[in-house]
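Engineer: need a structure here:
(one chain, ligands or ions: 2)
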Amino acid sequence: MNNEVLIPATRRQQFSGVGVAPGRVVGQVRQMPKPVQEPRANAAVAADVNLAVQGQRIKDAAKAVQAELRSRAAAVEGEGREVLEATALMAADPMLVKSAIKLLAPEVPGGARTPERAIWEAGEAVAEKLRALGGYMAERATDVLDVRARIVSELRGLPAPGIPVSDIPFILAAEDLAPADTATLDPAKIIALITSSGGPQSHTAILARALGLPAVVAARGVDGIADGTEVYVDGAAGSITAEPDAELIVAAAAWAAQASTLTAFNGANVLADGLRIPLLANVGTGADAIKAAAAGAEGVGLLRTEFCFLDRDEEPTVEEQIAAYGAVFAAFPGKKVVVRTLDAGADKPLPFLTNADEPNPALGVRGYRTDLTSPGVLERQLLAIAAAESVHQAEVWVMAPMISTSDEAADFAALCAAAGLKTPGVMVEVPSAALTAATVLREVAFASLGTNDLTQYAMAADRQLGPLAALNNPWQPAVLQLVKLTADGAALASSASGLPKPVGVCGEAAADPALAVVLVGLGVASLSMSARALAAVSAVLPTVTLDQARHLAFTALAAPSATEARAAVRAGLPILDELGL
Ligand code: PEP
Ligand code: MG
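Structural biologist: Ligands and ions are numbered 1, 2, ... in the order given. Take a look at the predicted model:
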């Protein structure tokens, strides 16, 4: 995206991408500003530059940032207000501004800096001091870097970084959203997400489904639509229309009326012939878990523990971890909670575990593999999970992400046993684990299919890349084959051991009501999804028997493409159109 060349979209201009969360809405676009680029080091500074004027520019920019943050703080409540107020204080920090002004002088080592470069370096120096202090102070380093980015944007006359502020609800347009952006996203203000990049398994897509927001990803050109342009978004069809006509406005209103009938999960979790398919929730924090429990989820099928610590530069203490996991367990007394150990890397970097310089992060030291490079972190996490379990009533299962071999599964099971955790499992998201499920499942008690990563690895298509969105589709028959192989392998392991070896799905595929039917037909025993998706999935499952689900699954497996697999299954499930799903 280039903030300087935004042009108003011409009347009824169309953009098409991949629909990742259904819904039809009309609203104004607000662009997510581009991340602030580092100002060039050694940029030439004219010898006759007026230092006082340059210094004043830095002071004015810092004041403007402080005023902006204060007025935003006044407009929000609770934790959000505290965070903004604390950041506003940092913007006015005389140490930051004074040390930046010093760097404008020609006699400092390295020569005179431009105001942008001076604030950039001064911000880094303050952040470095805070990091050296450790603990709470070290965590404030990120806030200083945020302030410095805001001051640089102000000096450049560009919009402030981060989610835009608006008095009216809007459609957020971006190149893509990072997991960290999600923390500041106000679902009451945003009515749809549209991105020019990202795929169906990107974090933008996951977030949209979690919030129940219509979303289209990989729609080239939407990051060039001017702020304020009115657009129509169809999150099922994957289309965006600028300056919509009356017909589209009526379509959006009709969808809003229809959607309001499908917001509540009624707890239905049996197929037409009575087979029970537990419907669980994917959560990242205690707050998510409280919402999921209130929405009627039967338990948690995926606790993404890295989401508790995405903003951390250092490994959280065992006590902090016990509190974070305990908050989730407390929301589900007597119910199953599947905890996934830290899944750092690629789309979810954690500075204390992953190396930002890896050439191929998705194929790198990520997920369970970080135990190779950061020994001890996993053991401490397992101890924290066990300690949290001991003071709550949740039935805790634990699984490792990115398991590739049965040896890794056995090692993980041994670590769980050493920590006193009784139900170890693995995520199946690497094709090798799906292909060898019978031996992998011999080592552990259960498996959960991570269809987001399984798709990216089966299709060799980075889940974050818009141009590869068509490949990165869990309806790909190759991906469905891997799901079937996993379920079949688990059934073999189960009959060999005489123990149940259930296979669930916790990837986004489970949240697509048509695909959910296919997954059940392929032998999946439980489905875990964002709490918002429960209502739609539970509206469709009771309309089919297991035999019908199997028949639809085989239709999908036999289809020559993802598009044809989806179309054939949808044709066999007319309820989807009736419900507008
Ligand atoms: C997956 O890969 O399907 C999954 C559930 O894990 P994540 O999306 O967090 O990588
Ligand atoms: Mg994954």
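Engineer: stretch 501-519: how far from the chain's middle?
Structural biologist: In this view, stretch 501-519 has its centroid 18 Å away from the chain centroid, taken as C-alpha atoms, centre = their mean, to the nearest Å.
Engineer: swap that for stretch 111-124, please
Structural biologist: For stretch 111-124, the separation from the chain centroid amounts to 33 Å (computed by C-alpha atoms, centre = their mean).
Engineer: which positions in it come out as buried?
Structural biologist: Across stretch 111-124, burial judged by 16 or more other C-beta atoms under 10 Å covers 112-123. For the C-beta atoms, the positions are set from N, CA and C on the backbone; glycine is no exception.
Engineer: ok, residues contacting it?
Structural biologist: Residues from elsewhere that reach stretch 111-124, judged by C-beta atoms under 8 Å, 6 or more residues apart in numbering: 38-43, 45, 49, 54, 57-58, 61-62, 96-97, 99-101, 103-106, 144-145, 147-148, 151-152, 155-156.
Engineer: ok, stretch 48-64 next?
Structural biologist: 91-92, 96-97, 100-101, 104-105, 112, 115, 118-119, 151, 154-155.
Engineer: buried residues in it?
Structural biologist: For stretch 48-64, a neighbour-count test (16+ other C-beta under 10 Å) marks 54-55, 57-58, 61-62, 64 as buried.
Engineer: the longest helix anywhere in the chain: what's the following helix or strand?
Structural biologist: Ranked by residue count and defined by DSSP state H, the top helix of the chain is helix 51-74. For helix 51-74, the following helix or strand on the C-terminal side (DSSP states H and E) is helix 78-91.
Engineer: that next one to helix 51-74, inter-axis angle?
Structural biologist: Helix 78-91 and helix 51-74 are oriented at 170 degrees to each other (axes from the mean of the first three to the mean of the last three C-alpha atoms, to 10 degrees).
Engineer: for ligand 1, what are the nearby residues on the protein?
Structural biologist: Residues of the chain lying close to ligand 1 (C-beta under 6 Å from any ligand atom) are 302, 304, 343, 429, 450-453, 506-507.
Engineer: can you verify my assumption that residue 432 contacts residue 404?
Structural biologist: Yes - counting by C-beta atoms under 8 Å, residue 404 is a contact partner of residue 432 at 4.9 Å.
Engineer: between these two, which has more neighbouring residues?
Structural biologist: The neighbour count for residue 432 versus residue 404, taken as other C-beta atoms under 10 Å, is higher for residue 404 (20 against 14).
Engineer: ok, whichever strand in the chain runs longest: who's next to it in the sheet?
Structural biologist: Taking DSSP state E as the criterion, the chain has its longest strand at strand 24-31. In the sheet, strand 24-31 lines up against strand 170-174 (parallel), strand 230-234 (antiparallel) (DSSP bridges).
Engineer: hmm, who's touching the last one?
Structural biologist: The set of residues external to strand 230-234 that reach it, using C-beta under 8 Å, 6+ apart, is 9, 19, 23-29, 171, 192, 194, 214-216, 225, 239-244, 248-249, 251-252.
Engineer: now that strand - C-alpha only, CSV.
Structural biologist: C-alpha atoms of strand 230-234 as CSV (Å, rounded to 0.1, in the frame of the first residue of the first chain):
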residue,chain,number,x,y,z
GLU,A,230,-18.4,3.5,0.2
VAL,A,231,-18.2,-0.1,-0.7
TYR,A,232,-20.3,-3.3,-0.7
VAL,A,233,-18.5,-6.4,0.7
ASP,A,234,-19.8,-9.9,0.0
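Engineer: quick one: mean pLDDT for it?
Structural biologist: In this model, strand 230-234 has an average pLDDT of 94.
Engineer: show the subsequent helix or strand relative to it.
Structural biologist: Under the assignment DSSP H and E, the closest C-terminal helix or strand after strand 230-234 is strand 239-242.
Engineer: so what secondary structure elements neighbour whichever helix or strand comes after that next one?
Structural biologist: With elements assigned by DSSP H and E, the helix or strand that comes after strand 239-242 is helix 246-259. On a contact count with 3 or more C-beta pairs under 8 Å, 6 or more residues apart in numbering; DSSP states H and E, helix 246-259 meets strand 24-31, strand 230-234.
Engineer: please identify the most buried of the ones you listed.
Structural biologist: strand 230-234 (a mean of 23; mean count of other C-beta atoms under 10 Å).
Engineer: re the thing from before, quick check: which of the helices and strands packed on helix 246-259 is nearest to ligand 2?
Structural biologist: strand 230-234 (27.0 Å; C-beta to the ion).
Engineer: ok, then the element right after the helix-or-strand element of the chain with minimal mean pLDDT?
Structural biologist: Lowest mean confidence among the helices and strands of the chain (mean pLDDT, DSSP states H and E): helix 135-139, at a mean of 70. Next along the chain after helix 135-139, taking DSSP H and E as the criterion, comes helix 141-156.
Engineer: got a pLDDT number for whichever residue of the stretch 301-450 of the chain sits closest to ligand 2?
Structural biologist: Using C-beta to the ion, the single residue of the stretch 301-450 of the chain nearest to ligand 2 is residue 450, 3.9 Å away. On pLDDT, residue 450 comes in at 97.
Engineer: wait, a strand at residue 528?
Structural biologist: Yes - under the criterion used here (DSSP: H, G, I helix; E, B strand; the rest coil), residue 528 sits inside a strand.
Engineer: around ligand 2, pick out the residues from the stretch 451-581 of the chain.
Structural biologist: Taking C-beta under 5 Å from the ion as the contact definition, the stretch 451-581 of the chain meets ligand 2 at residue 453.
Engineer: who does the helix or strand containing residue 191 pair up with?
Structural biologist: Applying DSSP H and E as the criterion places residue 191 in strand 190-195. Next to strand 190-195 in the sheet, as set by DSSP bridges, lie strand 170-174 (parallel), strand 215-217 (parallel).
Engineer: mean pLDDT lowest where, among those?
Structural biologist: Among these, strand 215-217 scores lowest, at a mean of 91.
Engineer: if we look at it, which residues are touching it?
Structural biologist: The contact list for strand 215-217 (C-beta under 8 Å, 6+ apart) reads 15, 17-21, 176, 192-195, 197-200, 202, 204-205, 208-209, 222, 233-235, 238-240, 466, 469.
Engineer: buried residues in that strand, which are they?
Structural biologist: Buried-residue list, strand 215-217, by 16+ other C-beta under 10 Å: 215-217.
Engineer: repeat that for stretch 307-323.
Structural biologist: 307-310, 312-313, 315-316, 321-322.
Engineer: which members of the residues you listed are the farthest-apart pair?
Structural biologist: 313 and 322 (20.3 Å; C-beta to C-beta).
Engineer: quick one: low-confidence parts of the stretch 451-581 of the chain?
Structural biologist: Scanning the stretch 451-581 of the chain for pLDDT under 70 picks out 580.
Engineer: count of neighbours near residue 411?
Structural biologist: By other C-beta under 10 Å, 17 other residues sit near residue 411.
Engineer: what packs against the helix or strand where it lies?
Structural biologist: Counting by DSSP H and E, the element that carries residue 411 is helix 406-419. Judged by 3+ C-beta pairs under 8 Å, 6+ apart, the packing partners of helix 406-419 are helix 377-390, strand 395-400, strand 424-428, helix 437-443.
Engineer: quick one: closest of these to residue 409.
Structural biologist: Nearest of these to residue 409, taken as C-beta to C-beta: helix 437-443 at 4.0 Å.
Engineer: residues making contact with the helix or strand that residue 537 is a member of?
Structural biologist: Assigned by DSSP H and E, residue 537 falls within helix 534-540. Where contact means C-beta under 8 Å, 6+ apart, the residues beyond helix 534-540 that reach it are 262-269, 279, 281, 295-297, 510-511, 513-514, 516-517, 527, 529, 573, 575-576, 579, 581.
Engineer: roughly how far is that helix from the heart of the chain?
Structural biologist: Per C-alpha atoms, centre = their mean, the displacement of helix 534-540 from the mean C-alpha position of its chain is 22 Å.
Engineer: who's in contact with residue 402?
Structural biologist: 343, 366-369, 427, 429-430, 453.
Engineer: okay then, goodbye and thanks.
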